[in-house]
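**Q** only geometry, no sequence info:
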């Protein structure tokens, strides 16, 4: 398994990340992996960006950070579509107070909005996994927070990437943007529950209207930082038929065959 992980990581375009000082302990190492594929228009992208900026500065987010055992988290952010955009990466920063949170949000707010083609959730997960394993922090929990509006259709299949991250001690949560039809059987939120999320206590939230994005992001961040158990409505249901985790790849093959 480790050998396979090394191969997959080598296939992803990973940039060098700074190493934190040895022994930096935090409650959570949290990666925010945000979809910027062209299936969203510019207005949706703008609202998505502002949703993250606002959520990171909200008093409830800051209170959640302070209420942790250590009262500090390590936070990183990047955007992805067919691959991770290296220019979008906001490297790891300690957040333990309002000033830290506002500084991180300010870095994000000033970034230009850049879109890309296709959707590679696996690339987003592999990049996040490598980032967490290299960052030098000692987190009580390690979380990759993936938001997206469609199934994986490029690069490695999503399930092996998810499983390897989970085997490394990382929890993957999802924010499924279900504003437009995704072409998945049972809905994109179910696809994310079955194929993307994983690890103890993992969960998926659905955003059905773009104006609800900020509240959903804030809710998800608080749950991840606090280690709250997700309600049954956002957990996997064992009795449901499993989603086809290769449906995105199949749709692209059918498109080109036509």
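**A** Ah, there it is. What you see is a predicted model, and the numbers here were worked out from it, not measured in a lab. Residues are numbered from 1 along each chain as shown.
**Q** What segments of the chain are strands?
**A** In the chain, the segments counted as strands under DSSP state E are 24-35, 73-80, 90-95, 137-148, 171-177, 204-207.
**Q** How confident is the prediction for the most centrally placed residue in the chain, by pLDDT?
**A** Among the residues of the chain, residue 146 comes closest to the average C-alpha position under Cα atoms, centre = their mean, at 1.9 Å. As predicted, residue 146 sits at a pLDDT of 97.
**Q** List the beta-bridge partners for the nearest residue to it once chain neighbours are set aside.
**A** Spatial nearest neighbour of residue 146, excluding adjacent residues (Cβ to Cβ, 6 or more residues apart in numbering): residue 33 at 4.8 Å. The C-beta positions use only the backbone N, C-alpha and C, and glycine is treated the same way. Beta bridges link residue 33 to residue 78, residue 146, judged by DSSP bridges.
**Q** Just want to check the distance between residue 33 and residue 69.
**A** For residue 33, the distance to residue 69 under the criterion Cβ to Cβ, to the nearest Å works out to 25 Å.
**Q** Mind checking which of the two has more residues around it?
**A** Taking residue 33 and residue 69 together and counting by other Cβ atoms under 10 Å, residue 33 has the greater number of neighbours (25 against 10).
**Q** tell me the mean pLDDT over the longest helix seen in the chain?
**A** The residue-count maximum for a helix in the chain (DSSP state H) belongs to helix 42-57. Per-residue pLDDT over helix 42-57 has a mean of 92.
**Q** Please apply the same query to stretch 95-110.
**A** The predicted model gives stretch 95-110 an average pLDDT of 97.
**Q** Can you report how many residues neighbour residue 116?
**A** 18.
**Q** pretty sure it contacts residue 87?
**A** No: contact criterion Cβ atoms under 8 Å: residue 116 and residue 87 do not qualify, at 11.1 Å.
**Q** thought residue 176 was touching residue 148?
**A** Yes: the pair formed by residue 176 and residue 148 meets the contact definition of Cβ under 8 Å, at 6.9 Å.
**Q** Common neighbours of those two, please.
**A** Here residue 176 and residue 148 share the contacting residues 188, 192, scored by Cβ atoms under 8 Å, 6 or more residues apart in numbering.
**Q** picking that back up, the residue nearest to the centre of the chain and residue 173 touch, don't they?
**A** Yes: under the contact definition of Cβ under 8 Å, residue 146 touches residue 173, with a separation of 7.2 Å.
**Q** follow-up on the earlier one: point out the most buried one among the strands of the chain.
**A** Comparing the strands of the chain on average neighbours per residue, with mean count of other Cβ atoms under 10 Å, the densest one is strand 171-177 at a mean of 26.
**Q** Packing partners of that strand?
**A** Helices and strands touching strand 171-177, as assessed by 3 or more Cβ pairs under 8 Å, 6 or more residues apart in numbering; DSSP states H and E, comprise strand 137-148, helix 158-167, helix 188-191, strand 204-207, helix 213-226.
**Q** remind me which residues of the chain are low pLDDT?
**A** Judged against pLDDT under 70, the low-scoring parts of the chain cover residues 1-23, 181-185, 230-239, 252-258.
**Q** can we see that at 80?
**A** Low-confidence regions of the chain, defined by pLDDT under 80, span residues 1-23, 180-186, 229-240, 249, 251-258.
**Q** For residue 196, find the nearest of the strands of the chain.
**A** For the strands of the chain, distance to residue 196 was read as Cβ to Cβ. The smallest value, 5.0 Å, belongs to strand 171-177.
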